[in-house]
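Chemist: Fold the following, please.
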Amino acid sequence: MVSHEYWESYHKQLGALDLDWHPTSFIPRDWALNVSDIASEWVEQQFAAHIAGRPLVSAPPELDPETMVVCGQLALVLAEAYQHPIKLDIDVIWYNEALAKRELGLNDSHEEALLVKFPPAKRLVLDCLSVVIDSGYQIILWYLPGRRRQRDMYNATIGMGNLLKQSITTGKTSMGQLSKWRTHSSNFYATQEPQLTPRCINISPCWFQQGHERHGPPPVNPGIGFVPEVSATLKGDRSLLVIRDMQCPGLVSSAALRVMHPQLYRASLSTHVELGNLAATQAPDVMYRCLQHWTSVYTGAAIMCNRQLLSHRDPKCPPEGFDILTCIGGYGHGVMQLTNLGIELAYDPGVMVSYSGRLVRHGVQVAKGDRIVWAWFMRDSVHNYAQTPRTEYAKYNLADFAIYHLAEYNQADFVRYCTL
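Modeler: You can find the predicted model right below:
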């Protein structure tokens with residue numbers, strides 16, 4: 001438990017902060033998220049130096065050499081992507097208002113109607129670092145292809161084998177449509193590596209169980225109403241081992257979001273610390289321990305192995321937010337289809353993609369081979385519970401857009417944008 005005096009001091013300092021301007025929130029020093037924040041700030045500094053052509057900043061002493069290399073590479077690819085913007089005609093604010101509250105993206109006829117109302121101006125195939133923005137310069141997508149370190153994600157996914165085996169479902173609804181399609185047995189294919197398990201699980205140190213979400217502040221009496229808890233995958237004896245295996249990828253997801261959406265990053269830091277406050281005083285000790293070792297500003301991660309990804313939406317993702325998907329494995333080639341944007345992405349091993357799963361309807365087709373995806377996500381209900389104000393859309397700097405130009409190749413049915 002954390003002392004009452006500590007939290008009183010924290011809230012006084014947090015109250016003095018303007019989250020729109022101050023770079024960090026006040027994080028307990030013994031939290032893993034504190035190191036993530038140090039690394040994220042350095043990545044942001046390196047990113048800014050790359051963009052401005054200034055000398056790079058020395059790495060903080062808290063980072064080990066391996067983390068320093070990973071973060072340095074991340075800052076470089078983020079900067080290269082930022083320098084290659086692609087502007088679409090769509091207005092994501094209007095588009096979001098046209099979507100139903102619980103839009104799943106599984107109704108093809110409804111999606112066709114949306115395409116008639118918001119038709120893509122042209123079809124794009126992307127295979128190089130880029131950022132996609134809308135007509136109002138809101139950022140829709142960060143696309144970061146390239147080989148990245150796979151060892152941490154691969155070994156951690158193998159270690160989650162028993163959890164993955166427990167996630168499978170087989171039921172059908174009365175309408176004949178598969179229920180719980182994300183974990184349905186028909187959507188997974190056999191692995192080539194015997195140590196891998198073809199399944200999907202969610203891991204979160206603090207979220208609302210399905211059907212128990214609430215959208216408001218915590219109750220005065222903790223015993224009344226639904227409250228967040230650790231995910232079922234973290235309720236066993238190996239919970240801290242699972243979280244520790246996720247720490248390096250979690251740190252990378254935090255550092256990426258710090259650049260992609262600084263306001264959302266700082267808001268999520270505030271959410272995590274407030275959840276720690278609530279966990280220290282109202283929740284079982286396991287929640288506080290999980291938050292203490294959790295390195296990501298995201299509130300959860302979906303771990304997927306060899307899942308066929310139907311075109312769909314993630315309705316619980318905030319429209320202003322960014323999920324971050326990193327894909328690794330031994331498959332030959334993959335394509336991610338962003339049908340409502342008219343975009344196809346080369347989705348080869350090592351790629352990182354970030355977008356709002358609500359705004360962007362997405363599906364994946366891959367060649368044979370094992371494919372592991374970690375998708376970091378946030379939940380509005382958790383931010384609301386922590387009384388964190390909702391953020392705005394991330395915007396591309398108009399002055400920067402005037403500087404960077406696009407290289408267009410061929411004027412056929414597809415237009416390919418590439419770096420020179």
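Chemist: hey, where'd the helices end up in the stretch 301-420 of the chain?
Modeler: 380-385, 398-403 (DSSP state H, counting those that start in this stretch).
Chemist: Just the buried positions in stretch 392-400, please.
Modeler: Buried residues in stretch 392-400, counted by 16 or more other CB atoms under 10 Å: 393-394, 396. The C-beta positions use only the backbone N, C-alpha and C, and glycine is treated the same way.
Chemist: residues in contact with it?
Modeler: 51, 82, 85, 92-93, 131, 133, 136-139, 260-264, 319-320, 322 (CB atoms under 8 Å, 6 or more residues apart in numbering).
Chemist: about what we covered before: if you compare the helices of the stretch 301-420 of the chain, which one is most tucked away?
Modeler: helix 380-385 (a mean of 21; mean count of other CB atoms under 10 Å).
Chemist: hang on, the earlier thing: so which of the buried residues of stretch 392-400 is the closest to residue 102?
Modeler: Nearest to residue 102, judged by CB to CB, of the buried residues of stretch 392-400 is residue 393 at 21.0 Å.
Chemist: Would you check how far apart the closest one and residue 315 are?
Modeler: Computed as CB to CB, to the nearest Å, the residue 393 to residue 315 distance reads 18 Å.
Chemist: can I get the helices of the stretch 301-420 of the chain in CSV with distance to residue 98 and mean pLDDT?
Modeler: Shown next, in CSV, are the helices of the stretch 301-420 of the chain (distance: least, CB to CB, whole Å; pLDDT from 0 to 100):
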stretch, distance to residue 98, mean pLDDT
helix 380-385, 19, 86
helix 398-403, 26, 88
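Chemist: Pipe those into JSON lines and attach distance to residue 186 per row.
Modeler: Shown next, in JSON lines, are the helices of the stretch 301-420 of the chain (distance: least, CB to CB, whole Å):
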{"stretch": "helix 380-385", "distance to residue 186": "29"}
{"stretch": "helix 398-403", "distance to residue 186": "44"}
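Chemist: returning to what we had before: next step: the contacts of stretch 392-400 restricted to helices.
Modeler: Mapping those onto helices (DSSP state H) picks out 51, 82, 92-93, 260, 262-264.
Chemist: Just the buried ones from those residues?
Modeler: Using 16+ other CB under 10 Å, the buried ones in these are 51, 82, 92, 260, 262-264.
Chemist: so where is the stretch 251-400 of the chain shaky, pLDDT-wise?
Modeler: 283 (pLDDT under 70).
Chemist: Neighbours of the closest residue in space to residue 369 that isn't next to it in sequence, how many?
Modeler: Distances taken as CB to CB, 6 or more residues apart in numbering put residue 331 closest to residue 369, at 3.0 Å, once the chain neighbours are dropped. When neighbours are counted by other CB atoms under 10 Å, residue 331 registers 19.
Chemist: Residue 108 now?
Modeler: With other CB under 10 Å as criterion, residue 108 counts 10.
Chemist: Let me know the pLDDT of it.
Modeler: Per-residue confidence (pLDDT) for residue 108: 85.
Chemist: so how far is residue 59 from it?
Modeler: 49 Å.
Chemist: before we move on, what about residue 350?
Modeler: When residue 350 is compared with residue 59 (using CB to CB), they lie 23 Å apart.
Chemist: Spatially, what comes nearest to residue 290 if we skip its sequence neighbours?
Modeler: residue 205 (3.6 Å).
Chemist: go on, residue 389?
Modeler: Nearest to residue 389 is residue 267, by CB to CB, 6+ apart, at 6.9 Å.
Chemist: what about that neighbour, how many residues close to it?
Modeler: With other CB under 10 Å as criterion, residue 267 counts 23.
Chemist: what sits against it?
Modeler: So residue 267 contacts 19, 383, 388-389, 391 (CB under 8 Å, 6+ apart).
Chemist: pretty sure residue 201 contacts residue 167?
Modeler: Yes: when contacts are counted by CB atoms under 8 Å, residue 201 is listed as touching residue 167 (4.9 Å).
Chemist: tally of neighbours for residue 116?
Modeler: Counted with other CB under 10 Å, residue 116 comes out at 7.
Chemist: For the helix or strand hosting it, buried residues please.
Modeler: In the assignment (DSSP states H and E), residue 116 maps to helix 108-117. Judged by neighbour count (16+ other CB under 10 Å), helix 108-117 contains these buried residues: 111, 114.
Chemist: got the contact list for it?
Modeler: Under CB under 8 Å, 6+ apart, the answer for helix 108-117 is 98-99, 105, 311, 339-340, 361.
Chemist: Tell me the first helix or strand C-terminal of that helix.
Modeler: strand 123-126.
Chemist: Tell me which other helices or strands that next one touches.
Modeler: strand 343-346, strand 414-417 (3 or more CB pairs under 8 Å, 6 or more residues apart in numbering; DSSP states H and E).
Chemist: if we can go back for a sec, how about the helices of the stretch 301-420 of the chain, which one is nearest residue 249?
Modeler: Of all the helices of the stretch 301-420 of the chain, helix 380-385 sits nearest to residue 249, with 20.0 Å by CB to CB.
Chemist: what's that closest one packed up against?
Modeler: Using 3+ CB pairs under 8 Å, 6+ apart: helix 380-385 touches helix 262-282.
Chemist: Can you tell me the element residue 49 falls in?
Modeler: helix 32-52.
Chemist: averaged over its residues, what pLDDT does that helix have?
Modeler: 96.
Chemist: Which neighbouring elements make contact with it?
Modeler: Against helix 32-52 (3+ CB pairs under 8 Å, 6+ apart) you get helix 65-82, helix 247-260, helix 262-282.
Chemist: Dump stretch 110-119 to CSV, restricted to CA.
Modeler: Taking Å, rounded to 0.1, in the frame of the first residue of the first chain, the C-alpha atoms of stretch 110-119 are listed here in CSV:
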residue,chain,number,x,y,z
HIS,A,110,-23.6,-0.8,-43.8
GLU,A,111,-20.0,-0.3,-44.6
GLU,A,112,-20.9,0.0,-48.3
ALA,A,113,-23.3,2.8,-47.4
LEU,A,114,-20.6,4.6,-45.5
LEU,A,115,-18.3,4.3,-48.5
VAL,A,116,-21.0,5.9,-50.6
LYS,A,117,-21.2,8.8,-48.1
PHE,A,118,-17.4,9.0,-47.6
PRO,A,119,-15.8,7.7,-50.8
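Chemist: Cool, thanks, talk later.
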